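Undergrad: any chance you could fold what I've pasted below:
(one chain, ligands or ions: 2)
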Amino acid sequence: MDRDALAALIASRLRDVPDFPKPGVVFKDFTPLLADPVAMRAIVDDAVARYSGEVDVIAGIEARGFMIGTAVAVALGVPFVPIRKKGKLPAATFTASYDLEYGTETIEVHQDSCREGQRVLVMDDVLATGGTAAAACELIERTGAQVVALDVVCEIGFLRGRERLGGHRVRSLLSI
Ligand SMILES: O=P(O)(O)OC[C@H]1O[C@H](OP(=O)(O)OP(=O)(O)O)[C@H](O)[C@@H]1O
Ligand SMILES: Nc1ncnc2[nH]cnc12
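TA: Ligands and ions are numbered 1, 2, ... in the order given. Alright, predicted model coming up:
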């Protein structure tokens with residue numbers, strides 16, 4: 001499937017939910033996309049074509065980055081590393097805090113999740129203000145690994161998340 005067709009398919013499978021989780025936020029609901037195996041397959045195939053041989057690890061951001069990231073990791077045949085909300089990972093962690101469109105949050109990664117020099121692709125569903133993704137990239141770098149790119153399904157352009165990602169490569173399948 002070409003890029004335009006994939007973007008159109010994704011756009012048709014994201015549902016706008018106004019005023020969730022608080023007034024003024026239009027939430028991009030990902031559940032119709034997860035419910036469409038053809039669209040999910042197309043997303044996985046696209047990531048495999050783009051990143052095969054270029055990444056050693058996929059890191060996914062809780063929660064929806066787990067769903068995309070594990071599917072892509074299995075297809076690429078590489079390990080999956082979860083970046084989780086504070087207090088969920090059992091072993092020693094690195095921790096980073098950031099602001100969201102609708103609050104503040106802290107995320108963590110296991111200190112031994114990646115090795116020095118490994119090439120890590122960070123995946124999530126949505127890039128909004130970029131706070132989550134920037135914190136996730138910082139955590140991966142603290143393990144000694146390097147971030148190859150941040151890859152998201154949907155980028156909310158007016159929130160200018162890219163600008164918070166410094167020199168990191170950013171790829172979105174759909175920009176709105
Ligand atoms: O670019 P940002 O402004 O940082 O926002 C993007 C993040 O917000 C959403 O997750 P959320 O924090 O709602 O958590 P959830 O996936 O656990 O529901 C989304 O899945 C991204 O991880
Ligand atoms: N508007 C939005 N929709 C979905 N996820 C988000 N994360 C931050 N803002 C979001």
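Undergrad: show the contacting residues for residue 121.
TA: Counting by CB atoms under 8 Å, 6 or more residues apart in numbering, residue 121 touches 51, 54, 55, 57, 58, 59, 72, 147, 148, 149, 151. The C-beta positions use only the backbone N, C-alpha and C, and glycine is treated the same way.
Undergrad: can you tell me which of those residues end up in strands?
TA: 57, 58, 59, 147, 148, 149, 151 (DSSP state E).
Undergrad: get me the contact residues on the protein for ligand 1.
TA: 61-64, 100-101, 105, 124-133, 161 (CB under 6 Å from any ligand atom).
Undergrad: quick check: bridge partners of the residue most central in space within the chain?
TA: In the chain, the centroid-proximal residue (CA atoms, centre = their mean) is residue 124; its distance is 1.5 Å. Assessed by DSSP bridges, residue 124 has beta-bridge partners residue 152.
Undergrad: ok, it - contacts?
TA: By CB under 8 Å, 6+ apart, the contact set of residue 124 is 60-61, 64-65, 68-69, 132-133, 136, 150-153.
Undergrad: near ligand 2, list only the ones from those.
TA: Checking the contacts of residue 124 against ligand 2 (CB under 6 Å from any ligand atom), there are no matches.
Undergrad: and these, which two are furthest apart?
TA: 136 and 153 (15.1 Å; CB to CB).
Undergrad: quick check: mean pLDDT across the longest helix along the chain?
TA: Across the chain, the helix with the greatest residue count (assigned by DSSP state H) is helix 37-51. For helix 37-51, mean pLDDT rounds to 98.
Undergrad: just give me how far it sits from the chain centre.
TA: 14 Å (CA atoms, centre = their mean, to the nearest Å).
Undergrad: nearest to ligand 1 among the contacts of residue 124?
TA: residue 132 (3.2 Å; CB to the nearest ligand atom).
Undergrad: the strands in this structure, which residues?
TA: 15-18, 26-29, 57-61, 80-85, 93-100, 103-110, 119-127, 146-155, 170-175.
Undergrad: reformat those strands as a markdown table; add mean pLDDT.
TA: Supplementary listing: these in a markdown table, determined by pLDDT from 0 to 100:
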| stretch | mean pLDDT |
| --- | --- |
| strand 15-18 | 98 |
| strand 26-29 | 96 |
| strand 57-61 | 98 |
| strand 80-85 | 98 |
| strand 93-100 | 94 |
| strand 103-110 | 94 |
| strand 119-127 | 98 |
| strand 146-155 | 98 |
| strand 170-175 | 98 |
